[in-house]
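Peer 1: sharing a model prediction with you, sequence too.
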Amino acid sequence: MDWDRSLNPPAPSPVIHIRVPGKRKFHLCDRCGIMVNHIPSHIYIHKEDYIYSCPQCPVKAKSKTNLRDHIKTVHLRTVMKTCDICGKGFIHHKTYRYHMLNHQDEGKTIECVDCSKTFSNSIYLRDHINRVHKPDKKIKKKKSGEGIRRYVNIME
């Protein structure tokens, strides 16, 4: 019996990882469980103290990127996104997304079932319902068994 072969199996062949150009390797954060591309800079997010402070106002940030974005949007008011349809510029991406909903309902008039007020898009109607009509108010239904009806399209 050959003791060297029976007790010491051969080492597994090395797994060769082929690096795809343009793709970053992500690492799993032990604390929060998200995939990040640079663990050392991500760890600052989990620390209690804020390292970076804005030179123009009392805002403090945990990362350079967050502070840079704060300065661009709040102090420099840099246009980050421009609408391809009408050319309007937006400082914050959420404002841009909200604006794009206007183009989605362009040419339509939507009416509130509760008060018959008309709106140019469904988002304005949703905001109106949340602001004016009580959220605990019973929602009108067309017939029993059908879905909830909150608005009516007047023109399409």
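Peer 2: Arrived safely, thanks for sending.
Peer 1: identify the residues contacting residue 101.
Peer 2: Residue 101 is in contact with 121, 122, 123, counting by C-beta atoms under 8 Å, 6 or more residues apart in numbering. To be clear about C-beta, it is placed using only N, CA and C from the backbone, and glycine gets the same treatment.
Peer 1: what do you get if the cut-off is 7 Å, keeping everything else the same?
Peer 2: By C-beta atoms under 7 Å, 6 or more residues apart in numbering, the residues touching residue 101 are 121, 123.
Peer 1: buried set for the helix or strand containing it?
Peer 2: Using DSSP states H and E, residue 101 sits in helix 93-104. By neighbour count on 16 or more other C-beta atoms under 10 Å, the buried set for helix 93-104 is 96, 99, 102.
Peer 1: relative to helix 93-104, how tilted is the host helix or strand of residue 128?
Peer 2: Element membership of residue 128, judged by DSSP H and E, is helix 122-132. If you take axes from the mean of the first three to the mean of the last three C-alpha atoms, to 10 degrees, helix 122-132 sits at 110 degrees to helix 93-104.
Peer 1: can you report the mean pLDDT over the residues of helix 122-132?
Peer 2: For helix 122-132, mean pLDDT is 85.
Peer 1: packing partners for that helix?
Peer 2: Here helix 122-132 touches strand 109-112, going by 3 or more C-beta pairs under 7 Å, 6 or more residues apart in numbering; DSSP states H and E.
Peer 1: can I get the CA coordinates of the strand it packs on in CSV?
Peer 2: Taking C-alpha atoms only, strand 109-112 is exported to CSV below (Å, rounded to 0.1, in the frame of the first residue of the first chain):
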residue,chain,number,x,y,z
THR,A,109,-57.0,65.3,-18.2
ILE,A,110,-57.7,63.3,-15.1
GLU,A,111,-60.6,64.0,-12.8
CYS,A,112,-60.9,63.4,-9.0
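Peer 1: before we move on, the earlier item: give me the lowest-pLDDT entry from the buried residues of helix 93-104.
Peer 2: Among the buried residues of helix 93-104, residue 102 has the lowest pLDDT, at 79.
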